[in-house]
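> Curious how this folds, go ahead:
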Amino acid sequence: MAGELFATNTRPVAPPVSGGGKLTLFLLALVIVVIAEAIGNVSIPVGAGKTVLLPLLWALLLGGALGLMSPRLPAPLRLSGALQNAAGAYLQPALLIFIAKLGLLVGGSLPKILASGWALAFQEFGHFFGTMVFGLPVALLLGIKREAIGATFSVGREPSLAIIGERYGMDSPEGRGVLAEYLTGTVFGAVFIALLAGLITSLGIFNPLALAMGAGVGSGSMMAAASGAIAAQQTPEIAKDVATFAAASNLVTTTIGTYFTLFLSLPFTIWAYGKLEPILGRNRPNAARAATAEPQGAAPVHQEVRIGLGETVLAWILIGAYGLIGNWLTYGVVPDAQVVAGMAIIIGTVLAGWGLYLLLGRRLPAVLWVSIIGMALAYPGTPYAAEIAALTGKLNFLALATPILTFAGLSVAEDVPAFRRLGWRIVVVSFMANAGTFLGAVLIAQFFMHPPLG
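Reported below is the predicted structural model:
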């Protein structure tokens with residue numbers, strides 16, 4: 001088991017990546033993190049509002065550009081398909097560092113979260129129905145048929161692929177639709193949701209905490225991008241609350257999301273398709289199929305890279321170091337003994353959560369256990385909670401999000417050929433679904449917030 005910590009049984013296993021190859025990958029990631037943090041936050045006016053481009057977005061774009069240009073680059077900068085798959089495998093360790101930090105934030109703010117009343121509970125309906133409400137009508141108007149069901153019943157992360165694959169098969173129209181949503185989210189999701197969240201935030205019409213809850217879409221990278229764009233336009237204290245509520249919302253979405261989509265979202269989307277398709281649908285079955293179908297045998301199949309225990313622990317240490325660098329470059333916090341101690345607590349939280357995950361037979365996601373341990377450590381009343389919160393509070397959560405988007409960018413080029421074959425119509429639908437899950441949750445959370453903004 002120790003040799004297969006971050007592998008699944010659903011994908012073919014890639015040949016081992018050499019130690020030198022992984023060293024190259026982490027050195028490239030370090031360079032990207034440093035460049036992205038050095039660029040910093042860039043504010044761009046958009047009509048009456050603005051959007052803020054954060055270091056995490058620069059990291060995603062730089063990593064993606066490096067992967068796409070790799071065949072034309074000098075050998076030291078070239079990313080083979082195996083290394084791009086390895087970058088995807090290291091996303092999970094990077095994500096757990098970020099989740100641990102958010103868990104520590106949530107624990108210290110649990111009284112404030114509980115005081116939000118029904119907002120946190122009911123906003124989940126916006127997450128799981130907003131995708132269909134915003135996406136399905138557009139899909140039908142564009143002439144897409146049953147592919148629209150797979151593309152709009154959720155944001156199309158891994159659990160959604162499993163649900164559709166089991167019910168319809170991935171070669172079905174519904175399977176092609178959920179694959180399109182998955183690939184669009186992988187390639188463009190974080191950039192799109194960050195730009196949208198930043199623009200909506202700049203309008204000043206929603207409570208920042210309602211916006212934060214909308215950011216918890218169930219994807220770690222998209223949540224990091226959206227909450228970062230929201231937090232960048234707040235005071236430091238409210239920015240901390242934004243991270244807290246986004247993490248709490250994302251935890252709820254992650255833990256109950258599979259059951260919600262299986263028993264509520266998917267049946268409702270199927271029903272809505274049956275009602276709306278005769279009204280809004282266009283008689284374009286061939287065009288719709290051409291826009292979403294792939295050539296026979298062209299479905300993307302990634303080879304899974306296995307990461308051993310020692311490599312995983314080393315990855316956590318290196319990713320933590322990258323976070324310290326970003327925290328220094330962008331937020332001016334010199335990595336002294338206290339800051340390093342705070343990072344050690346975060347990495348220790350990850351190790352404890354991962355150990356519990358393995359001990360209990362992997363029945364529940366590792367992110368859940370890491371979050372619970374982080375919340376317990378910082379919960380008021382826990383021994384040394386104040387000291388733990390003070391040490392880990394010196395690390396800005398956005399600095400820990402940049403490595404996540406770096407590895408996401410380095411891995412994304414492998415999906416681009418399949419993504420291109422899916423057609424522009426399904427991409428528009430995917431964007432609408434992603435906008436729907438964010439805006440739907442924001443609207444419901446805003447309605448239940450006490451007191452409302454203003």
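> Surely residue 101 touches residue 393?
No - Residue 101 is not in contact with residue 393 according to CB atoms under 8 Å; the separation is 9.8 Å. All C-beta spots, glycine's among them, are computed from the backbone N, C-alpha and C.
> Settle it for me: which of these two has more neighbours?
Using other CB atoms under 10 Å, the more surrounded residue of residue 101 and residue 393 is residue 101, with 30 against 15.
> dump the residue contacts of that one.
346, 374, 392, 395, 397, 400 (CB atoms under 8 Å, 6 or more residues apart in numbering).
> ok, which stretches of this protein are strands?
42-46, 49-53 (DSSP state E).
> Lowest mean pLDDT across those, which one is that?
Least confident of the strands of the chain, judged by mean pLDDT, is strand 49-53 with a mean of 68.
> Reformat the contacts of residue 101 as JSON lines; add neighbour count, distance to residue 436 and pLDDT.
Shown next, in JSON lines, are these (neighbours: other CB atoms under 10 Å; distance: CB to CB, whole Å; pLDDT from 0 to 100):
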{"residue": "346", "neighbour count": "28", "distance to residue 436": "33", "pLDDT": "96"}
{"residue": "374", "neighbour count": "29", "distance to residue 436": "30", "pLDDT": "92"}
{"residue": "392", "neighbour count": "26", "distance to residue 436": "34", "pLDDT": "95"}
{"residue": "395", "neighbour count": "25", "distance to residue 436": "33", "pLDDT": "94"}
{"residue": "397", "neighbour count": "25", "distance to residue 436": "26", "pLDDT": "81"}
{"residue": "400", "neighbour count": "28", "distance to residue 436": "28", "pLDDT": "90"}
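> what's the closest of those residues to residue 34?
residue 400 (15.1 Å; CB to CB).
> Spatially, and excluding backbone neighbours, which residue is closest to the closest one.
Spatial nearest neighbour of residue 400, excluding adjacent residues (CB to CB, 6 or more residues apart in numbering): residue 323 at 4.4 Å.
> doesn't residue 97 make contact with that neighbour?
Yes - with contacts counted by CB under 8 Å, residue 323 reaches residue 97, the gap being 6.8 Å.
> okay, these two: which has more neighbours?
residue 323 (29 against 25).
> among the helices and strands of the chain, which has the poorest mean pLDDT?
In the chain, no helix or strand scores lower on mean pLDDT, DSSP states H and E than helix 285-292, which sits at a mean of 43.
> Spell out, range by range, the helices that occur in the stretch 1-150 of the chain.
Taking DSSP state H, counting those that start in this stretch as the criterion, the stretch 1-150 of the chain carries its helices at 19-39, 55-69, 81-89, 91-108, 110-114, 119-141, 147-152.
> Let me have the contacts of residue 101 in CSV, extended by distance to residue 210.
Output for these, formatted as CSV (distance: CB to CB, whole Å):
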residue, distance to residue 210
346, 28
374, 24
392, 26
395, 26
397, 19
400, 24
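> Pull the contacting residues for residue 385.
Applying CB under 8 Å, 6+ apart, the residues near residue 385 are 107-108, 377-379.
> Quick one: neighbours of residue 383, just the number.
8.
> From residue 155, how far off is it?
Plainly put, residue 383 is 39 Å away from residue 155 if you go by CB to CB, to the nearest Å.
> again with residue 325
Counting by CB to CB - residue 325 and residue 155 are separated by 31 Å.
> neighbour-wise, which of those two wins?
residue 155 (30 against 17).
> just checking, the more buried one touches residue 192?
No - applying CB under 8 Å as the test, residue 155 and residue 192 come out as separate, 11.3 Å apart.
> joint contacts of those two?
residue 434.
> Quick check: residue 281 touching residue 146?
No - under the criterion of CB under 8 Å, residue 281 is not in contact with residue 146, lying 10.4 Å apart.
> quick one: which of these two has more around it?
residue 146 (22 against 19).
> Got phi/psi on the more buried one?
When read as degrees, to the nearest 10, the backbone of residue 146 gives phi -70, psi -10.
> re earlier: which residues do residue 323 and residue 97 both contact?
Common neighbours of residue 323 and residue 97 (CB under 8 Å, 6+ apart) are 400, 403.
> Nearest residue to residue 231 in space, please, no chain neighbours.
residue 239 is the one closest to residue 231 (CB to CB, 6+ apart), at 3.8 Å.
> Roughly how far does the one you found sit from residue 377?
Plainly put, residue 239 is 21 Å away from residue 377 if you go by CB to CB.
> Of those two, give the one with the bigger neighbour count.
residue 377 (24 against 21).
> Hmm, residue 348 and that one touching each other?
No - because the distance of 9.1 Å does not satisfy CB under 8 Å, residue 377 is recorded as not touching residue 348.
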